[in-house]
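1. got a predicted structure plus its sequence, pasted below:
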Amino acid sequence: MHVLRVRGFAPLLASEAINAIGNWIAVIAIWGFAAFAFDADAGDLALLFVVLSLPGAVLGPALGVVIDRIGPRRALIIANLGGVAAALALTQADSYAMVIVLALPLGLIEAMAAASLDALPPRLVDDEDLVTANALLGGAQDLAIVIGPILAAVVNVRWGLAGAFAADAVTFAVGFVVAWRLRLPAEADGRVAAAPAEGDIADAEAGATAGATSDEPTSAWRELREGFTIARRTDGVRWTLGVATVTYALWATFGVLEPLYV
């Protein structure tokens, strides 16, 4: 497969699979084994789901501005370092309340890592290979859904909760090493200039940046507003965001209600 011969992509794909498996090991440890170990009730589990989801949901749009400014490679390095620290901190949890508190950064870390990873394929592969690259990365995440819980059971039974979180820290460390060694041929200031495929995108961008000069520094708040403007005025982006919002809203509802029936 041609895309696997692109410099840097194969290690990135492997590290994503490993990192996603580690995330599932941690999730199963928190959601299942820790709940039994600390005698958590349905309210505790529901609160945990909110803690894991809310930071990314609230701060996700702002993360796009940060990633655009520092570049996805640097953002992925930061996210993986944060993941190592958060996972190691969880090895010291001695109550479910502490698990919930220490898990709070994970939602933001996962959101930053996911957004950074999504921004990397266009900087690594040619346009004609982009669909294949994204499909392979998505497949790695799907594979982790199958392998992760199985390994979580093995790790938790053999080494306990601390072992599960330590394993997650190791997978974050693998992601850090791969991101550190990654070289992006198109990366200069963290941005990749691409011509819009449709006229409505160009119109949206023109409207969002009207009045700005090429030498004028753009504030983070202005970049965020421009992003919302493009999303609102571009049919494909607007509908994609709408479908994704409904999907994740339903998933969030399930995540909060599911513990009530366990």
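-> Cool, got the structure.
2. what's the following helix or strand after the helix or strand hosting residue 15?
-> Following DSSP states H and E, one finds residue 15 within helix 9-28. Note on helix 9-28: by DSSP H and E, the next helix or strand toward the C-terminus is helix 34-37.
3. which parts of the stretch 151-262 of the chain are helices?
-> 199-208, 220-233, 235-257 (DSSP state H, counting those that start in this stretch).
4. contacts for the last one, please.
-> I take that to be helix 235-257. 46, 49-50, 53, 57, 198, 200, 230-232 (CB atoms under 8 Å, 6 or more residues apart in numbering). The C-beta positions use only the backbone N, C-alpha and C, and glycine is treated the same way.
5. among those residues, which ones are buried?
-> The neighbour count (16 or more other CB atoms under 10 Å) marks 46, 49, 53, 57, 230 as buried among these.
6. now the nearest residue to residue 87 once chain neighbours are set aside: how far from residue 163?
-> The shortest distance from residue 87 to any non-neighbouring residue, by CB to CB, 6 or more residues apart in numbering, is to residue 169 (3.7 Å). Look at residue 169 and residue 163: by CB to CB, to the nearest Å, they are 11 Å apart.
7. between these two, who's got more neighbours?
-> Each of residue 169 and residue 163 has its neighbours counted (other CB atoms under 10 Å); residue 169 has more, 20 against 17.
8. list the residues that contact the more buried one.
-> Residue 169 is in contact with 22, 83-84, 87-88, 91, counting by CB under 8 Å, 6+ apart.
9. one more time with 6 Å
-> The contact partners of residue 169, taken as CB atoms under 6 Å, 6 or more residues apart in numbering, are 84, 87-88.
10. highest neighbour count among those?
-> residue 87 (27 neighbours).
11. now the strand or helix carrying that one: buried residues?
-> Assigned by DSSP H and E, residue 87 belongs to helix 72-90. By 16+ other CB under 10 Å, the buried positions in helix 72-90 come out as 72-84, 86-90.
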